[in-house]
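A.B. asks: I'd like to go over a predicted model; first the sequence, then the structure.
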Amino acid sequence: MGRHGANPGEQAREQEFVVDVTVWVEVDGDSLAATLDYRWIVEVVRATIEKTSFVLLESLAQAVARSLVEQSPAGRATAVVHKPAAARSLAVTDVAAEASAAAE
């Protein structure tokens, strides 16, 4: 749940966001210690959505991707952020934005 949006009131109340994440990592063995634990990825994504506020969905997707790269050994991350309720009044079931970040 987060507070993001351009329309009046969208940042005043929590809304549902669904995120698809892809991370590129160098795997150094068949163990959780050799890669990124998906539970940690979920924590980072959730914290980014809950602790930030953006007008644009694209900015939120970029912040999620950047957070994953900056806080981990991931060489690259892509986040697709869905806002299911964004266009329901227009009979659209989903709106999403995608952004990527890479390690420098």
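C.D. replies: Cool, got the structure.

A.B. asks: what residue of this structure is the furthest out?
C.D. replies: For the chain, the residue at maximal distance from the C-alpha centroid (C-alpha atoms, centre = their mean) is residue 29, at 26.9 Å.

A.B. asks: so that residue: helix, strand or coil?
C.D. replies: Following DSSP: H, G, I helix; E, B strand; the rest coil, we place residue 29 in the coil state.

A.B. asks: so residue 53: helix, strand or coil?
C.D. replies: coil.

A.B. asks: please apply the same query to residue 97.
C.D. replies: Assigned with three-state DSSP, residue 97 falls in the strand class.

A.B. asks: that one contacts residue 60, doesn't it?
C.D. replies: Yes: taking C-beta atoms under 8 Å as the definition, residue 97 is a contact partner of residue 60 at 7.3 Å. C-beta here means a position set from N, CA and C on the backbone, and glycine is covered the same way.

A.B. asks: shared neighbours, these two?
C.D. replies: residue 81 (C-beta atoms under 8 Å, 6 or more residues apart in numbering).

A.B. asks: tell me which of these two has more neighbours.
C.D. replies: The neighbour comparison of residue 97 against residue 60 (other C-beta atoms under 10 Å) goes to residue 60, with 25 against 16.

A.B. asks: the residue found closest to that one once you drop the neighbours it is linked to in the chain: neighbour count?
C.D. replies: Closest residue to residue 60 in three dimensions, ignoring its sequence neighbours and counting by C-beta to C-beta, 6 or more residues apart in numbering: residue 54, at 4.7 Å. By other C-beta under 10 Å, the residues close to residue 54 number 19.

A.B. asks: for the residue nearest in space to the middle of the chain, phi and psi?
C.D. replies: In the chain, the residue lying closest to the centroid (C-alpha atoms, centre = their mean) is residue 64, at 3.9 Å. For residue 64, the backbone dihedrals are phi -60, psi -50 (criterion: degrees, to the nearest 10).
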